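Trainee: return atomic coordinates for the entry below.
(one chain, ligands or ions: 1)
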Amino acid sequence: MRLASLKRRSRMKTSFPTLVEPKTINKPVSSVEANFTQQWRLVTTMTTNLIFVLDNNRKPLTMCTAGLARKLLDSQKAAMFKWYPATIILKKSVVELPLPYLELRIDPGSKFTGIALVEIETETIVWAMELEHRGLEISSSLTARSSVRKGRRNRNTRYRKERQNHKKQPGWLPPSLQHRVDTTITWVKRIIKLAPIKSIAFERVKFDIQKLENPSIEGIEYQQGTLQGYTLREALLEHWGRKCAYCDAIDIPLEIEHIRPKSKGGSDRFNNLTLSCHQCNQKKSNQSIDDFLKHDPVRLNDIKKNQKQSLRDAAAVNSTRKKLFDSLRTFNVLVYSSSGAETKMMRIKSNLPKAHFIDAGCVNASSLVILKTIQPLRVKCNGHGNRQFMTMDKHGFPRKDYSPKHVRKDWKAGDIIKVKKKDGTSVLGRVKKAAKTLVFIPFRGKETSFSPKNTKPIHRSDGYRYSFTIIDTELLQKIVT
Ligand SMILES: [Zn+2]
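Mentor: Numbering: from 1, shown residues only. The predicted structure is shown next:
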């Protein structure tokens, strides 16, 4: 960023993004919400994400609170560098080493990936974000495209020679999954540039089945410790669908049950275990499963089939996670991996509720985790529009003339801009359509059009949409008390 534009920006009165997602602002405030807002004010100073700080050589420094950042900006000692994630740049260079060092922790998921920055020594989550993927949209739009193309081939019945080798390369992932790897890596790259990161911790597997099958590899502590209990229970719950295997009861305490009773030589191995409610467990007692379910052959068959399903199937390392892990190791920092069961155990021990960013913060934690932010940045993958020149009907015929999406070179749909109104006030919002006049949706208020003259860029459209995860009251109370 050029110095002139920095200077100009630092003169703008700075205010940090609103705490509530823009969409929810126009809703009527109920008494519960009002009460909640009051509570929120109590803790607001210590529970927002910390702000990234760079020196004038763009070296990442110790992160600071929003309050301090505001002071630095108002006294012109720093300028706004980036809005999402909020970053300021100091106007001098700093020699000292930034302390404390942070660990970047990632909990990859199919819909959301939680990312958290944690002070390693105190295990404190100081910054968090949730990355919302768009895998489903990608796969459905590719299916739509392929069906149009296939239809076209059917009409044109002449033989057409194969034009390229469609054999999948090793390491190939479907575009919807590759997208998850790519966007996560993009964000790791971005964050590494902004914060003093020493290591990356990554939840590589859900259950460490190898440890489960062969507990001796970790020594006596693992065999008898709490961790094995957690891992085993979680793996069983997942494998047997979180219900009683004999009566399908859900949402009740489930007991670990030996399919072949121990008294008849059944082992403690994973594939001899299932889950049942207390009543069924008592009823079955030490009967063999064939006797117990002789009146219900369908269920008997299902259980036997489920039991046979190879553990390797459950243990098969999720291909996306494997690829992500391999990509993370190309960065110049240490990478640790851990299992989901360990994460969950640490989260429960730390008395923290379930959320993607909290799970991320608990990955690879060595002691109880302290939560210092409950306002994670929500980043939705939006894509960059499409490159289609012609819209077509369902038969694949052109429907209307091509109209270019981006008419103006300087503005683009999705840019966040500040518009100066005629009465002197200014509003923040997002460009909906960039033409001769900008169609603009302010964060507060109704859609309007403006001349592009009176606008300033805040954050250029980069394929992501930013907001803040709506604050959970339960979460809030945990922090207040
Ligand atoms: Zn039951």
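Trainee: and Lys82, how many neighbours?
Mentor: Residues near Lys82, counting by other CB atoms under 10 Å, number 17. C-betas here are computed from N, CA, C, even on glycine.
Trainee: Ile458 is in contact with that one, correct?
Mentor: No - the criterion here is CB atoms under 8 Å, and Lys82 misses it with Ile458 at 10.0 Å.
Trainee: Gly135 is in contact with Val181, isn't it?
Mentor: No - Gly135 lies out of contact with Val181 (CB under 8 Å); the separation is 10.7 Å.
Trainee: what does this protein put close to the ion?
Mentor: Within the chain, the positions near the ion by CB under 5 Å from the ion are Cys244, Tyr246, Cys247, Ala249, Cys277, Cys280.
Trainee: now do 6 Å
Mentor: In this structure, the chain approaches the ion at residues Cys244, Tyr246, Cys247, Ala249, Ser276, Cys277, Gln279, Cys280, judged by CB under 6 Å from the ion.
Trainee: turn the residues you listed into a markdown table, including secondary structure and neighbour count.
Mentor: Putting the residues of the chain next to the ion into a markdown table (DSSP: H, G, I helix; E, B strand; the rest coil; neighbours: other CB atoms under 10 Å) gives the following:
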| residue | secondary structure | neighbour count |
| --- | --- | --- |
| Cys244 | coil | 22 |
| Tyr246 | coil | 22 |
| Cys247 | coil | 14 |
| Ala249 | coil | 15 |
| Ser276 | strand | 22 |
| Cys277 | coil | 21 |
| Gln279 | helix | 13 |
| Cys280 | helix | 18 |
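Trainee: closest one of those to Lys168?
Mentor: Cys244 (41.3 Å; CB to CB).
Trainee: quick check: closest non-adjacent residue to the closest one.
Mentor: In space, not counting the residues next to it along the chain, Cys244 is nearest to Cys277; the distance is 4.2 Å by CB to CB, 6 or more residues apart in numbering.
Trainee: from Val298, how far off is that neighbour?
Mentor: For Cys277, the distance to Val298 equals 19 Å [CB to CB, to the nearest Å].
Trainee: with Asn49 instead?
Mentor: Distance from Asn49 to Val298, counting by CB to CB: 52 Å.
Trainee: rewinding a little: possible to save the residues of the chain next to the ion as CSV with pLDDT?
Mentor: Supplementary listing: the residues of the chain next to the ion in CSV, determined by pLDDT from 0 to 100:
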residue, pLDDT
Cys244, 90
Tyr246, 89
Cys247, 88
Ala249, 85
Ser276, 90
Cys277, 90
Gln279, 90
Cys280, 90
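Trainee: could you save those as TSV and add columns showing distance to Ala435?
Mentor: Output for these, formatted as TSV (distance: CB to CB, whole Å):
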residue	distance to Ala435
Cys244	61
Tyr246	65
Cys247	63
Ala249	60
Ser276	64
Cys277	63
Gln279	68
Cys280	66
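Trainee: next, the contact list for Thr425, please.
Mentor: Residues counted as contacts of Thr425 (CB atoms under 8 Å, 6 or more residues apart in numbering): none.
Trainee: could you number the chain from 250 rather than 1 from now on?
Mentor: Yes, from this point I'll number from 250; that puts the last item at Thr674.
Trainee: ok, Phe451 - contacts?
Mentor: Arg354, Ile355, Pro357, Leu573, Phe574, Leu577, Val584, Tyr585, Ser586, Ser587, Val612, Asn613.
Trainee: give me the buried subset of the residues you listed.
Mentor: With neighbours counted using 16 or more other CB atoms under 10 Å, the contacts of Phe451 contain these buried positions: Arg354, Ile355, Pro357, Leu573, Phe574, Leu577, Val584, Ser586, Ser587, Val612, Asn613.
Trainee: okay, and which of those map to strands?
Mentor: Mapping the buried ones among the contacts of Phe451 onto strands (DSSP state E) picks out Arg354, Ile355, Val584, Ser586, Ser587.
Trainee: and those, which is closest to the ion?
Mentor: Closest to the ion out of those is Ser587 (33.4 Å), distances taken as CB to the ion.
Trainee: these two touch, right, the closest one and Ile449?
Mentor: No - Ser587 lies out of contact with Ile449 (CB under 8 Å); the separation is 11.4 Å.
Trainee: any idea how many residues pack against Asn703?
Mentor: By the other CB under 10 Å criterion, the neighbourhood of Asn703 contains 14 residues.
Trainee: correction: Ile337
Mentor: Ile337 is surrounded by 23 other residues when neighbours are defined as other CB under 10 Å.
Trainee: quickly find the element holding it.
Mentor: Counting by DSSP states H and E, the element that carries Ile337 is strand 336-339.
Trainee: need the contact partners of that strand.
Mentor: Under the criterion CB under 8 Å, 6+ apart, residues 250, 255, 300-305, 307, 310, 313, 318, 321-322, 326-330, 443 lie in contact with strand 336-339.
Trainee: sheet partners, orientation included, of that strand?
Mentor: Based on DSSP bridges, the strands next to strand 336-339 in the sheet, each with its direction, are strand 300-303 (parallel), strand 327-331 (antiparallel).
Trainee: give me whichever of the ones you listed is most buried.
Mentor: By mean neighbour count, with neighbours taken as mean count of other CB atoms under 10 Å, strand 300-303 ranks first of those at a mean of 24.
Trainee: for the helix or strand just after it, give the mean pLDDT please.
Mentor: Toward the C-terminal end, the helix or strand that comes next after strand 300-303 (DSSP H and E) is strand 309-313. This predicted structure assigns strand 309-313 an average pLDDT of 92.
Trainee: can you pull the contacts of the residue of the stretch 550-699 of the chain found nearest the ion?
Mentor: Of all residues in the stretch 550-699 of the chain, Ile552 sits closest to the ion, with a separation of 12.4 Å (CB to the ion). Listed by CB under 8 Å, 6+ apart, the contact set of Ile552 reads Ala494, Ile508, Thr523, Ile538, Leu542.
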